[in-house]
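A.B. asks: next comes the sequence, and after it the predicted model I'd like to discuss.
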Amino acid sequence: MSGRVKRRIRESTNKSQRGADETPLVKWTLIGVSGLFLFVFLLLPLVNVFAQAFAGGIRAYFAALTNPDTRAAIGLTALTAAICVPVNAAFGVCAAWAVAKFEFRGKALLITLIDLPFSVSPVVAGLIYVVLFGLQGYFGSWLSDHDIRIIFAVPGIVLTTLFVTFPFVARELIPVMQATGNEQEQAAMTLGASGWQTFWRVTLPSVKWGLLYGVILCNARAMGEFGAVSVVSGHITGLTETMPIRVESLFKEYQSTASFAVASLLAVLALATLILKSWFEWRQERQFSSAQIPEPEVVDSSRPGRP
Amino acid sequence: MASKRFNALPGFGLTMGLTLTYLSVIVLIPLAGLFLRTSEMSAAEFWRAATHPRALAAYRLTFGASFIAALINAVFGTITAWVLARYSFPGKRFLDALVDFPFALPTAVAGLTLSSLFAKTGWLGRYLVPMGIEGAFSRLGIVIALTFIGLPFVVRTLQPVLEDLERETEEAAATLGAGRLRTFFTVIVPTLLPAILTGFALSFARAIGEYGSVIFIAGNKQYYSEITPLLIFVHLEEYNYAGAMAIAVVMLIASFAMLGTINLLERWASRFQL
């Protein structure tokens, strides 16, 4: 039974349970308190982004966005996401197949290790790559002899972004693949399908909404990562600035409107991510309830620790 | 699942091999590199860098502010989860969707907009600053930013537990003559406590590593409003690798300790669910 249906049943029975309810005064006070809390901490900051971005008028807004250095930052952010999201999605599918479809010793340990990047501070994530590839790092002198730049250059930004977005797809897909089980794949194999055919025609269609869910969360983090990228970027305007770094450097130059203009694009990305996320969640739930597959436990993607 | 015992599916070697290789290259080897490099320092050198007064001030600030923010989230997050799970009212779906917003918003944007809200000329600051409440460029600002980024954890941990809570036990308490308040504290709170603590720990663990949102609002004064991740960053900019690595190792150990605590809490919490 899907969560939605369960909820509906519960709501219909609740009406007859007067003995265990709060008075309307308590109820509306609690709603008021949480409403005010969410208004101050969530809604106001969101609306403020757009109010500040358009504070200088529409023309100033578009002038800020078409600035060559800002356009370069948008381009670098798109490039970083275009590399990191497919790589981590492919890894996520591999990891989910190995973890969900097979039994082996040390599975819990492997899942913990996959989640590890969520527990590491972004600044530390940047630091570990500086320790490896920076001038004083392990490979620093070899790299500089061969004239290869990783730190304070685009490869470093891509590597740290790979690190911080590493777990997203895998941790969404593992519970979904576990919930679908192995029976359908085994039936396909018995009927003579090859391994790849089984994967493309049976497994992938049954987990596609879960996969997309992981992909958009991975993408949001890849485009929005600040701390880790900040450590390895070097902040070279026009060359190694991503959009969040550009927000910071404009803020430091007291170009508030321009800073908020770039921030508004990232806020739109966040809103689009939330909308798509709810949609994919709903599709996955519907697909599972029509196939009578028990709902997997929903996982909060950005929380540290095991699902 | 019984079918897994006779597993005929292919691809275990390939997917497992790729997973372990990629995991090692991106996560394990770089993390091990940090520990290896730090172990080259002498114990006295490490201790001096890790317990420098400036570092101690940063730890105190980071852990203190994270604790306060997690506490605020535990209180308001519990109320919010309760309201979303138990009541129906206009705008509920919107509020529910809004809770995930800090997960999706880049931290730099969060810091930028919060600091502008609480600054002297901001929508909130213009009323708060005359009252003596300096939300921007102060320690209070750090708590505000950390509350924002940790907000969803308590709500999202508690909500499913509240939705699955058997209302029969509450009714039983009511029929036995317990008032609503007594039912709340003797029946509901003990059941929710593990989940509240888990949410608190998740929010705290997220806060101690946070960098982006805080540096926009903190003002970043040495010994006063300089958080630990920022101190690592400053040491790196000064090419003080030893200082940066020693503090990073302290932070990593703290993070892993939190990870272990959270796993224990979740195991404890799952005993309360059917």
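C.D. replies: That came through fine.
A.B. asks: who's in contact with A:Leu239?
C.D. replies: Counting by Cβ atoms under 8 Å, 6 or more residues apart in numbering or on different chains, A:Leu239 touches A:Ala72. Bear in mind the C-beta positions are built from the backbone N, C-alpha and C, glycine included.
A.B. asks: mind checking which helix or strand it is in?
C.D. replies: Assigned by DSSP states H and E, A:Leu239 belongs to no helix or strand.
A.B. asks: just for chain A, where's the confidence low?
C.D. replies: Across chain A, the ranges flagged by pLDDT under 70 are A:1-20, A:292-307.
A.B. asks: could you pull out the strands in it for me?
C.D. replies: All residues of chain A lie outside strands when identified by DSSP state E.
A.B. asks: who's in contact with the nearest residue to B:Phe204 once chain neighbours are set aside?
C.D. replies: Computed as Cβ to Cβ, 6 or more residues apart in numbering or on different chains, the closest residue to B:Phe204 that is not its neighbour in sequence is B:Ala70, at 4.0 Å. Contact analysis of B:Ala70 by Cβ under 8 Å, 6+ apart lists B:Leu146, B:Gly150, B:Phe200, B:Ala201, B:Ser203, B:Phe204, B:Ala207.
A.B. asks: which helices and strands sit right next to the helix or strand hosting the fourth one?
C.D. replies: B:Ala201 belongs to helix B:189-209 when assigned by DSSP H and E. If contacts are counted by 3 or more Cβ pairs under 8 Å, 6 or more residues apart in numbering or on different chains; DSSP states H and E, helix B:189-209 sits against helix A:122-133, helix B:53-86, helix B:139-164, helix B:241-270.
A.B. asks: how far does that helix sit from the chain's center?
C.D. replies: With Cα atoms, centre = their mean, to the nearest Å as the basis, helix B:189-209 stands 9 Å off its chain's centre.
A.B. asks: C-terminal to it, what's the next element?
C.D. replies: Remark: after helix B:189-209, the chain's next helix or strand is helix B:212-217, criterion DSSP H and E.
A.B. asks: that older thread, right, and the helices and strands packed on helix B:189-209 - which one's nearest A:Gly32?
C.D. replies: Closest to A:Gly32 of the helices and strands packed on helix B:189-209 is helix B:53-86 (Cβ to Cβ; 9.3 Å).
A.B. asks: same question for that closest one, mean pLDDT?
C.D. replies: Helix B:53-86 shows a mean pLDDT of 96.
A.B. asks: that one vs helix B:139-164, what angle?
C.D. replies: 30 degrees (axes from the mean of the first three to the mean of the last three Cα atoms, to 10 degrees).
A.B. asks: on that earlier part again, pipe the helices and strands packed on helix B:189-209 into CSV and attach distance to A:Asn182 per row.
C.D. replies: Shown next, in CSV, are the helices and strands packed on helix B:189-209 (distance: least, Cβ to Cβ, whole Å):
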stretch, distance to A:Asn182
helix A:122-133, 35
helix B:53-86, 35
helix B:139-164, 27
helix B:241-270, 25
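A.B. asks: pick the most deeply packed of those.
C.D. replies: Highest mean neighbour count of the helices and strands packed on helix B:189-209: helix A:122-133, a mean of 27 (counted as mean count of other Cβ atoms under 10 Å in any protein chain shown).
A.B. asks: what's around the closest residue to chain A within the stretch 1-150 of chain B, how many residues?
C.D. replies: With Cβ to the nearest Cβ as the measure, B:Pro106 is the residue of the stretch 1-150 of chain B nearest to chain A, at 2.9 Å. Per other Cβ atoms under 10 Å in any protein chain shown, the neighbour tally for B:Pro106 reads 25.
A.B. asks: wait, it sits on A:Gly224?
C.D. replies: Yes: in this structure, B:Pro106 is within contact of A:Gly224 by Cβ atoms under 8 Å, at 2.9 Å.
A.B. asks: got any residues that touch both of those two?
C.D. replies: Here B:Pro106 and A:Gly224 have A:Met243, A:Pro244, A:Leu266, A:Leu269, A:Ala270 as joint contacts, going by Cβ under 8 Å, 6+ apart.
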